[in-house]
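Visitor: Need the 3D shape of this:
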Amino acid sequence: MKKALAVVAAVFLFMLCGCRPSSDMNRVSINYGQSQMYSQKDMDAAISVIKKEFSSWDGCVLHSIAFTSDSVCADNVEYCNSLREGAGFDECIVFESSFHSPRYAGGGGFTPDQEYRGWSWYLARKDNGAWQLLTWGYA
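Guide: Residues are numbered from 1 along each chain as shown. All right, here's what the predicted structure looks like:
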């Protein structure tokens, strides 16, 4: 009985080693770039929203998130407002990311075992409030 219990425990531990731990989000490379519009605190708040969404993508592994530029952000405020009628957003922030899709089919419509680069994330807010994730994908 003890031997069977030890085997079950070993199998369980092996299965846990194959899981992607939530701490992997801490290993994501972040590039804050240069911004006159947003502080690192502003960017970290937006990145947190992106990571929360991404963590629901079964089997995908996030590698990097990079701030685009102040001009890209300023140029997309109107676009963000078009995505959420009546929102009255006065700020937009845009990031690009890279990630790897699941090694198996069925990972949210992604091509299996593929590296995705230049994946855009558009977030907006009003009156310095909380960032709202509006859309993501290839722009």
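
Visitor: Please enumerate the strands of the protein.
Guide: Listed in chain order, the strands found in the chain under DSSP state E are 29-31, 61-67, 91-100, 115-125, 132-137.

Visitor: Can you tell me which of those strands is nearest to Glu78?
Guide: When the strands of the chain are ranked by distance to Glu78, counting by Cβ to Cβ, first place goes to strand 91-100 at 8.6 Å. C-beta coordinates here come from the backbone N, C-alpha and C atoms, glycine included.

Visitor: what about the closest one, distance to the chain center?
Guide: Its chain's average C-alpha position is 7 Å from that of strand 91-100, according to Cα atoms, centre = their mean, to the nearest Å.

Visitor: Return the alpha-carbon coordinates of that strand using CSV.
Guide: The C-alpha coordinates for strand 91-100 follow below in CSV (Å, rounded to 0.1, in the frame of the first residue of the first chain):
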residue,chain,number,x,y,z
GLU,A,91,-6.2,58.3,-22.9
CYS,A,92,-5.2,55.3,-24.9
ILE,A,93,-2.1,53.1,-24.4
VAL,A,94,-0.9,50.5,-26.8
PHE,A,95,1.5,47.6,-26.3
GLU,A,96,2.9,44.9,-28.5
SER,A,97,3.7,41.4,-27.3
SER,A,98,5.2,38.1,-28.3
PHE,A,99,4.0,34.7,-27.2
HIS,A,100,4.0,31.1,-28.1
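
Visitor: Mind putting the strands of the chain into JSON lines with mean pLDDT, distance to Ser48 and mean neighbour count?
Guide: Shown next, in JSON lines, are those (pLDDT from 0 to 100; distance: least, Cβ to Cβ, whole Å; neighbours: other Cβ atoms under 10 Å):
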{"stretch": "strand 29-31", "mean pLDDT": "98", "distance to Ser48": "11", "mean neighbour count": "12"}
{"stretch": "strand 61-67", "mean pLDDT": "97", "distance to Ser48": "11", "mean neighbour count": "19"}
{"stretch": "strand 91-100", "mean pLDDT": "97", "distance to Ser48": "12", "mean neighbour count": "21"}
{"stretch": "strand 115-125", "mean pLDDT": "97", "distance to Ser48": "10", "mean neighbour count": "18"}
{"stretch": "strand 132-137", "mean pLDDT": "97", "distance to Ser48": "10", "mean neighbour count": "15"}
